[in-house]
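J.: Quick one: sequence and predicted model below, then my questions.
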Amino acid sequence: LPLTMDIDRQNLKEVEAKIEALIKTQTKLKKKSNKGQLDDDEEIELEGMNVLLQELKDQQKYYRELVRLSIQALDQQEESVTFKEATASDIATIADINTVRELWTDVLLDETVIPSDSFFAQFQMNCSVWSMNLEASRRTVLDLFLRDVVAREEFRCKLRIFCELPMTTAARLVGTKRRKLTGKHDYTIGHAGGIDMNDYSAPPDSHIIAVEAKKAWDEADVWQCIAEAAALYRIRKDAGKHNCNVWGICSNASLWKFVHIDNDGQVWVSKDTCLEVPSFNKEQILKVYRFVHHIVMACFETSPTTTPQQSSMSLAG
């Protein structure tokens, strides 16, 4: 079917080129006719042009219908793969990335980064009143980290956190089926300066950080986070962005794993970072906070109009 559609599209393109050329010639001859400058051969040519033009338009209509039917047939074969169900193979083929995971280590965290004055008090208060038996209560910890980092002065109110934002990649032909990744991110973070706080739609520039919150996790949850980041990567790639770096965070408040998909589509995954909730371990809190700040800063510095430059992140296999 795809090969047939390509042939029909090529035929349509050729017919449309002929129509364009014929109309130009017809316009030129009509101008000469109005001036009484046509010779006998040109008069005969002009007289037959309407018939020829109609034949070409009939062909154009025919090939357009064939292409439409082919697209319709492909759409009927379209298959959605949810982030939660996506396997490594699904992610690799649909998002066109390398899912042979590399270990993301030696990240240079900025030890001068300190949470806001109220952060530690709010952290202790959250952990003292919320039972951590459900995902919703564990999200209160993620809320606190994300809010405090994104609201920092250095980001100049240019970033925004969106909850439950749906994302879908364009369908890609895999074998004989068109497949796409789809679902909702628990949180997404991206450039949204000047967007109305009550605007529920995503800003024009695709978001750059996907955050997946869990009560508990296993390997499938890590792949879900990778799938969500991969969808952002594919959306940016399809939009012609020069810088397609994206990041992901998977956390159940106690364990944190960070994901990076670089501009070449390579997946990097950090080791688990532990945060003993509800106990108060300042060293652990600062490590998580600074890692979140690290990737939010990378997101902030990622511009749709600049090409990727040497990253400050050190990636080692």
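T.: Here it is on my side, so go on. Residues are numbered from 1 along each chain as shown.

J.: what about stretch 178-190, distance to the chain center?
T.: 8 Å (CA atoms, centre = their mean, to the nearest Å).

J.: what comes up buried for it?
T.: 178-183, 185-190 (16 or more other CB atoms under 10 Å). C-betas here are computed from N, CA, C, even on glycine.

J.: any chance of these in TSV, plus distance to S33, pLDDT and secondary structure?
T.: Supplementary listing: the buried residues of stretch 178-190 in TSV, determined by distance: CB to CB, whole Å; pLDDT from 0 to 100; DSSP: H, G, I helix; E, B strand; the rest coil:
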residue	distance to S33	pLDDT	secondary structure
R178	51	81	strand
R179	56	90	strand
K180	54	94	strand
L181	59	96	strand
T182	58	95	strand
G183	63	94	strand
H185	64	90	strand
D186	70	91	strand
Y187	68	92	strand
T188	63	90	strand
I189	65	91	strand
G190	60	87	strand
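
J.: want to try CSV for the residues you listed, with distance to A229 as columns?
T.: Formatted as CSV, these follow (distance: CB to CB, whole Å):
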residue, distance to A229
R178, 22
R179, 18
K180, 16
L181, 10
T182, 14
G183, 12
H185, 9
D186, 13
Y187, 12
T188, 10
I189, 12
G190, 12
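
J.: List just the nearest of the residues you listed to T105.
T.: For the buried residues of stretch 178-190, the residue nearest T105 by CB to CB is I189; the value is 23.1 Å.

J.: secondary structure class for K257?
T.: strand (DSSP: H, G, I helix; E, B strand; the rest coil).

J.: Would you check that it makes contact with S270?
T.: Yes - K257 lies in contact with S270 (CB atoms under 8 Å); the separation is 5.9 Å.

J.: With neighbour numbers in mind, choose between these two.
T.: K257 (21 against 18; other CB atoms under 10 Å).
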